[in-house]
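*Asks:* Whatever this is, show me its structure:
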Amino acid sequence: MYNHAEALPTSDVSTAVVMMVTMKDGGTNLYSVRADWPRDTVTWTQPVLIDSIRLNFIYFVSARLGGDSLLVVRSRSLKEGDRGGTIMTALSVDGGRSWKQTAPLYVGSDNHPRLAVDASGRVHMAYRGSRQPGLFNAPGAVMHSAWVRGEWTKPDVVSTDESITDPAVGTAPGGRLMITWTEARMEPTGETPKTVARLWSPGCGL
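*Replies:* You can find the predicted model right below:
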């Protein structure tokens with residue numbers, strides 16, 4: 001069963017489509033398929049397996065680093081009571097024809113990471129950490145990491161005030177980035193959601 005797909009352009013005017021598929025046995029496979037346009041018709045290549053996951057949940061996001069270099073980030077969850085989530089990353093330097101797994105980033109919580117590419121072409125990731133490993137959708141600090149020389153940097157804390165939602169990250173004017181998230185602020189009527197945003201220039205701290 002098809003679940004989710006994202007398309008990434010390549011340097012040869014083709015498209016690499018990354019798709020998540022639930023298998024009949026309950027597992028989840030992540031594939032990439034290239035769409036080529038030699039003339040006016042589309043030719044699809046055979047699927048290439050990126051990852052096969054025998055766990056209960058997967059979420060992925062993708063980004064183009066430039067040229068034919070593509071990045072796919074997956075959040076692999078563990079069962080409640082275990083260590084939590086691990087962010088896995090696959091890199092392709094040939095437009096999705098083949099993939100290499102890189103070192104995982106343990107984040108201690110189930111989450112949906114988000115990616116953004118800054119003006120210099122560097123990829124940034126935002127996610128929600130948690131002090132309650134293994135607890136699905138637990139509130140957590142807003143974290144940031146950058147993709148540098150083939151691996152994620154040690155995560156920085158964007159906000160220690162815990163978010164009740166997964167953060168979003170995107171580009172902003174002047175080469176800056178912006179992260180938004182939602183906190184539960186205590187009001188006389190009880191806890192009230194409040195959306196918070198932070199702007200910064202990559203390489204200048206948070």
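*Asks:* For this protein, which residues score under the pLDDT cut-off?
*Replies:* 1-2, 25-26, 38, 54-58, 76-85, 108-110, 131-136, 186, 190-191, 203-206 (pLDDT under 70).
*Asks:* what bridges to Thr89?
*Replies:* As for beta bridges, Thr89 partners with Val73 under DSSP bridges.
*Asks:* so what's Arg71 up against?
*Replies:* Careful, residue 71 is Leu; it's not Arg. Contacts of Leu71 were listed using CB atoms under 8 Å, 6 or more residues apart in numbering, and they are Ser62, Ala63, Arg64, Leu65, Thr89, Ala90, Leu91, Ser92, Leu115, Val123, Trp147. Every residue, glycine included, has its C-beta placed from N, CA and C.
*Asks:* Let's have the residues you listed in JSON lines, adding secondary structure and neighbour count.
*Replies:* Below are the contacts of Leu71 laid out as JSON lines (DSSP: H, G, I helix; E, B strand; the rest coil; neighbours: other CB atoms under 10 Å):
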{"residue": "Ser62", "secondary structure": "strand", "neighbour count": "21"}
{"residue": "Ala63", "secondary structure": "strand", "neighbour count": "18"}
{"residue": "Arg64", "secondary structure": "strand", "neighbour count": "19"}
{"residue": "Leu65", "secondary structure": "strand", "neighbour count": "17"}
{"residue": "Thr89", "secondary structure": "strand", "neighbour count": "21"}
{"residue": "Ala90", "secondary structure": "strand", "neighbour count": "21"}
{"residue": "Leu91", "secondary structure": "strand", "neighbour count": "17"}
{"residue": "Ser92", "secondary structure": "strand", "neighbour count": "25"}
{"residue": "Leu115", "secondary structure": "strand", "neighbour count": "18"}
{"residue": "Val123", "secondary structure": "strand", "neighbour count": "20"}
{"residue": "Trp147", "secondary structure": "strand", "neighbour count": "21"}
